[in-house]
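**Q** Okay, sequence plus prediction incoming.
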Amino acid sequence: MKNVVLLLLMSVGLSVSAQEVNRCYTVEAMQKREMANPGYLEAVQQTFNMAKEQAQSKNGGQNIYRIPVVVHVLYNNATENLHDSLIYNQIDVLNEDYRRMNPDTNLTRAEFKPVAGDAGIEFYLANVDPDGNWTTGITRTQTNRSSFMDAFNQDDIKSSSAGGKDGWPPSRYLNIWVGDFSIFGSPFILGFAYPPVGAPNWPSGQEAADSTLEGVVVHYEVFGRNNPSASGLLSVTDRGRTCTHEVGHYLGLRHIWGDGGCSEDDGIDDTPFSASASQQECNLNKNSCTDSPTDFKDMIENYMDYSDEACMNMLTEGQIDIIRSILETTRNPLIADFPAGVNAYDLSNIQVEVYPNPSSGQFNIAYNSTTSQVQYVEILDSFGRLVETQSPNEVVTGNFSIDLAGQAKGLYFARLVFKEGSKVSKLVVE
Ligand SMILES: [Zn+2]
């Protein structure tokens, strides 16, 4: 065991000291993957280059992209079995940070405000599982693994046979695994994620990288905002931004310092050069490289740095171009082909009742709006695909019926479309 740990420490060049948190293991995990799968790093770089090219040739218009998420909680004890509320607020943090609706945008320094942007990306817990069944978007699995930190393989958490949990199809879901990555009871890594590999030209004779590894991994003590375990050493990471950072990697972003000195760039034009990671602090004077023609201080506000999360608050337009291009290309099925649920923005002031439900096909629907009537109803299948549209021509205020007798048995969604928005109900045809 001693040798294993020693080897591990040597391989990542870090010590487990009381003063240090290994914020992100992405670079080390990628290097290991390259060893197992030569050509991997080159394919990642090509994918990044393709995304950048695509972003530069695009103009205008910004749809909101919505990503279905499944959170896999792996626990060996009750503390690790995180409460639903932490999972919900982690999704909130992602939505705030990727829409620039985070409460701390006012802390972005004036010189960076012009390049700080709204990525137009939203996240929601999937409500349909890979078999088409209703789900909360959260799985919970008890494991006999007290830690998933391993000198040779950090990916066991993604495999049921290794004590983790197999992911859901990575083309349809953003898998987020949450578990223990401690060594000797101290958190060793807080998270990692592999950037996308979609480049078509793998070196001949080499297999494309294993897609079941795609997704985000977060140490359980820093998942969610105000996680009660994120104290002491981890108090700099108590705002749920480890996950924000790892989702950035998952969508193709590199560390803002390019994982090298001033000559090593992150490939993004509007992030200033920096020579090293921010040291878990909020040092507004840090200026490790000289930029030309205008010299900027290091952008410690960026989610892709290692600052204290209290001073992280932005992505740049250049970073946003990359992650949106990735969603339009390599990771496109995630938002396009089979949405893992129906993500309508519900009108909260309207209540809908469906009866009988389940039914053999005839459903009565009652709603309590006094201001608006249903315009039409979209019926979606369990994958969120549109099956048919019905126009209830006999809407007596607040009441109408729909007929699904011709449809196969199973789970459907009825999206009631009002002038102001929509409302979704689950229907079961049996
Ligand atoms: Zn990182």
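**A** Yep, it's here.
**Q** just for this structure, where's the confidence low?
**A** Across the chain, residues meeting the criterion (pLDDT under 70) sit at 1-20, 59-61, 199-209, 337-346, 370, 383, 393-397.
**Q** and it, which of its residues are near the ion?
**A** Within reach of the ion by C-beta under 5 Å from the ion, the chain has these residues: Cys24, Thr26. All C-beta atoms are positioned from the backbone trio N, CA, C, and that covers glycine.
**Q** how about Met299, what does it touch?
**A** By C-beta atoms under 8 Å, 6 or more residues apart in numbering, the contact set of Met299 is Phe112, Ile256, Thr271, Pro272, Ser274, Asp305, Met314, Thr316.
**Q** could you dump those residues to CSV with secondary structure?
**A** Listed next are these as CSV, based on DSSP: H, G, I helix; E, B strand; the rest coil:
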residue, secondary structure
Phe112, coil
Ile256, coil
Thr271, coil
Pro272, coil
Ser274, coil
Asp305, coil
Met314, strand
Thr316, strand
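**Q** of all those residues, which comes closest to Leu82?
**A** Within these, the smallest distance to Leu82 is 25.7 Å, found for Asp305 (C-beta to C-beta).
**Q** Give the full set of residues in contact with the closest one.
**A** His255, Ile256, Trp257, Ser274, Ala277, Ser278, Asp298, Met299, Met312.
**Q** coming back round to it: spatially, which two of the contacts of Met299 are the most separated?
**A** Ser274 and Met314 (14.7 Å).
**Q** Compare neighbour counts for those two and give me the winner.
**A** Between Ser274 and Met314, counted using other C-beta atoms under 10 Å, Ser274 has the larger neighbour count: 28 against 23.
**Q** Report the separation between the more buried one and Trp257.
**A** Distance from Ser274 to Trp257, counting by C-beta to C-beta, to the nearest Å: 4 Å.
**Q** Excluding covalently adjacent residues, which one is nearest to whatever residue of the stretch 251-400 of the chain ends up closest to the ion?
**A** Distance from the ion to each residue of the stretch 251-400 of the chain (C-beta to the ion) is smallest for His255, at 5.4 Å. The shortest distance from His255 to any non-neighbouring residue, by C-beta to C-beta, 6 or more residues apart in numbering, is to Met304 (5.5 Å).
**Q** Sticking with the one you found, tell me its helix or strand.
**A** Using DSSP states H and E, Met304 falls within no helix or strand.
**Q** got the contact list for Leu404?
**A** So Leu404 contacts Ser359, Gly361, Gln362, Phe363, Ile379, Tyr412, Leu427, Val429 (C-beta under 8 Å, 6+ apart).
**Q** Mind listing the residues bridging to the fifth one?
**A** Spelled out, that is Ile379. Glu388, Ala414 (DSSP bridges).
**Q** The first one now?
**A** Here Ser359 sits in beta bridges with Val429, going by DSSP bridges.
**Q** What helices and strands are in contact with the strand of greatest length in the chain?
**A** For the chain, the longest strand by residue count, based on DSSP state E, is strand 65-75. If you count contacts as 3 or more C-beta pairs under 8 Å, 6 or more residues apart in numbering; DSSP states H and E, strand 65-75 packs onto helix 84-98, strand 121-125, strand 138-142, strand 174-179, helix 317-328.
**Q** Quick one: the strands in the stretch 101-250 of the chain, in order.
**A** Remark: strands assigned in the stretch 101-250 of the chain by DSSP state E, counting those that start in this stretch are 121-125, 138-142, 174-179, 182-183, 186-187, 191-193, 216-219.
**Q** Between Ser274 and Trp257, which contacts overlap?
**A** Contacts common to Ser274 and Trp257, judged by C-beta under 8 Å, 6+ apart, are Ser288, Asp298, Asp305.
**Q** Hmm, Ser274 and the first one touching each other?
**A** What that stands for is Ser288. Yes: if you go by C-beta atoms under 8 Å, Ser288 and Ser274 touch, sitting 4.9 Å apart.
**Q** picking up where we left off before, neighbouring strands - and their directions - for the longest strand of the chain?
**A** strand 121-125 (parallel), strand 138-142 (parallel), strand 174-179 (parallel).
**Q** Dump these into CSV; add mean neighbour count as well.
**A** Formatted as CSV, the strands paired with strand 65-75 follow (neighbours: other C-beta atoms under 10 Å):
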stretch, mean neighbour count
strand 121-125, 20
strand 138-142, 16
strand 174-179, 27
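**Q** Show the buried residues in the contacts of Leu404.
**A** Ser359, Phe363, Ile379, Tyr412, Leu427, Val429 (16 or more other C-beta atoms under 10 Å).
**Q** Of those residues, which is the nearest to Thr143?
**A** Tyr412 (35.3 Å).
**Q** quick one on the thing from earlier: name the SS class of the residue of the stretch 251-400 of the chain closest to the ion, please.
**A** From three-state DSSP, the assignment for His255 is coil.
**Q** How about the contacts made by it?
**A** His255 neighbours (C-beta under 8 Å, 6+ apart): Cys24, Thr26, Val27, Asp266, Ala277, Met304, Asp305, Tyr306.
**Q** re earlier: correct me, but the residue nearest to His255 touches Ser274?
**A** No: in this structure, Met304 is not within contact of Ser274 by C-beta under 8 Å, at 10.7 Å.
**Q** Touching both of the two, which residues are there?
**A** Here Met304 and Ser274 have Ile256 as joint contacts, going by C-beta under 8 Å, 6+ apart.
**Q** Unless I misread the structure, Leu41 falls within a helix.
**A** Yes: counting by three-state DSSP, Leu41 falls inside a helix.
**Q** Now for it, how many residues are close by?
**A** Leu41 has 15 nearby residues by other C-beta under 10 Å.
**Q** Leaving out sequence neighbours, find the closest residue to it.
**A** Glu34 (4.7 Å).
**Q** now for the helix or strand in which the one you found is found, which elements pack on it?
**A** Assigned by DSSP H and E, Glu34 falls within helix 26-36. Judged by 3+ C-beta pairs under 8 Å, 6+ apart, the packing partners of helix 26-36 are helix 40-56, strand 191-193.
**Q** Many thanks, I have nothing further to ask.
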